[in-house]
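J.: just to be clear, the model below is a prediction. Sequence and coordinates:
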Amino acid sequence: MGRDEYAYVLEYLPYGLVETKDRRPSAVILTESLSLLLASLKKNAVVEAGKKVYIGEEKRDEIHHIIKRITPDKLSGAGTQILKDMVHKAVQDNEKKYVEILNTLGPVNVRLHALELIPGLGKKMTQKMVEERQKKPFESYEDIDNRLQLSSGISHEIEQRILEEIGETDKYRIFT
C-alpha cells in the first residue's frame, strides 16, 4: 500500500503535546489508512477538528511535517470521540473492503485464526464464519449479521478492532 495523501484533523494543539519539549502548534491527525499521527503545523496554518488536510509529498498548505505516531491515550475526551466517529465513518464508507477482508482472513498460526482477533468472535463463532463463507462469500455487513446471528453487528466489532489496532494493544494487524 502506498503512502497516504490525506488525513483528518482530530485535535488542534496550539502548544503541542504536553510531554514534548516542542511548543509549536501541532495537530493530531488520522490518515486514510487509519494511522494516528502527531503533525507539526506551518506558521499561520488554520485547522480544526474534522478538517481534511494534505500530507502527501507535494506542497502542503497546513502540515509542515509528521512528528511521530501516537496512541489514542494522548487525545482529550473530545479528540477520542472524534476518533471513534471517524473510524465509524471509515467502516461504513468502506463496507466492501472490510467484507472482502473478512472473506479472506486466514490463520495467524496453528492455534489462532485471524478472525478470533475481532472482538465478539471466539473460536466457535470463527468456525461458523469460516464454514459460512466457504458455502458462499459474504456480501455485506447485513449478510454477515444475518448468517452468523450477531446481535451487536459485525461493523461495530470491526470498529472496536480498529481502535485496538490504533491503540497498539495487540501485535497483530488486520485492518490498519
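T.: Arrived safely, thanks for sending.

J.: quick one, domains of the chain?
T.: Listed by automatic domain parsing, the domain ranges of the chain are 6-75, 94-166.

J.: out of those, which is closest to residue 84?
T.: domain 94-166 (7.0 Å; C-beta to C-beta). C-beta: built from backbone N, CA, C; applies to glycine.

J.: give me the most central residue, the chain.
T.: residue 34 (3.8 Å; C-alpha atoms, centre = their mean).

J.: residue 160 touches residue 119, doesn't it?
T.: Yes: using C-beta atoms under 8 Å, residue 160 is in contact with residue 119, at 4.5 Å.

J.: so what's the residue nearest to the centre of the chain closest to, chain neighbours aside?
T.: Nearest non-adjacent residue to residue 34, counting by C-beta to C-beta, 6 or more residues apart in numbering: residue 176, 4.6 Å away.

J.: now swap in residue 63 and tell me
T.: In this structure, residue 63 finds its nearest non-sequential neighbour in residue 39, 4.9 Å apart by C-beta to C-beta, 6+ apart.

J.: how many residues are close by residue 122?
T.: Neighbours of residue 122 under the rule other C-beta atoms under 10 Å: 11.

J.: you'd agree it is up against residue 116?
T.: Yes: Residue 122 is in contact with residue 116 according to C-beta under 8 Å; the separation is 6.6 Å.

J.: the helices in the protein, which residues?
T.: Secondary structure of the chain, counting by DSSP state H: helices at 77-93, 95-104, 123-135, 141-148, 154-166.

J.: which regions of the protein sit below the pLDDT cut-off?
T.: In the predicted model, the chain carries pLDDT under 70 at residues 1-2, 20.

J.: let's see 50
T.: Where the chain drops to pLDDT under 50, the residues are 1.

J.: from residue 103, how far off is the residue lying farthest from the centre of it?
T.: Here the chain reaches farthest from its C-alpha mean at residue 135, the gap being 29.7 Å by C-alpha atoms, centre = their mean. Per C-beta to C-beta, to the nearest Å, residue 135 is found 12 Å from residue 103.

J.: what do you get for residue 66?
T.: 33 Å.

J.: also residue 75?
T.: To residue 103, residue 75 is 33 Å away according to C-beta to C-beta.

J.: before we move on, back to that, is it true that the residue nearest to the centre of the chain touches residue 89?
T.: No: using C-beta under 8 Å, residue 34 is not in contact with residue 89; the gap is 11.2 Å.

J.: just give the number of residues close to the nearest residue to residue 103 once chain neighbours are set aside.
T.: Leaving aside its chain neighbours, residue 103 sits nearest to residue 137 (4.7 Å; criterion: C-beta to C-beta, 6+ apart). For residue 137, the number of neighbouring residues by other C-beta under 10 Å comes to 13.
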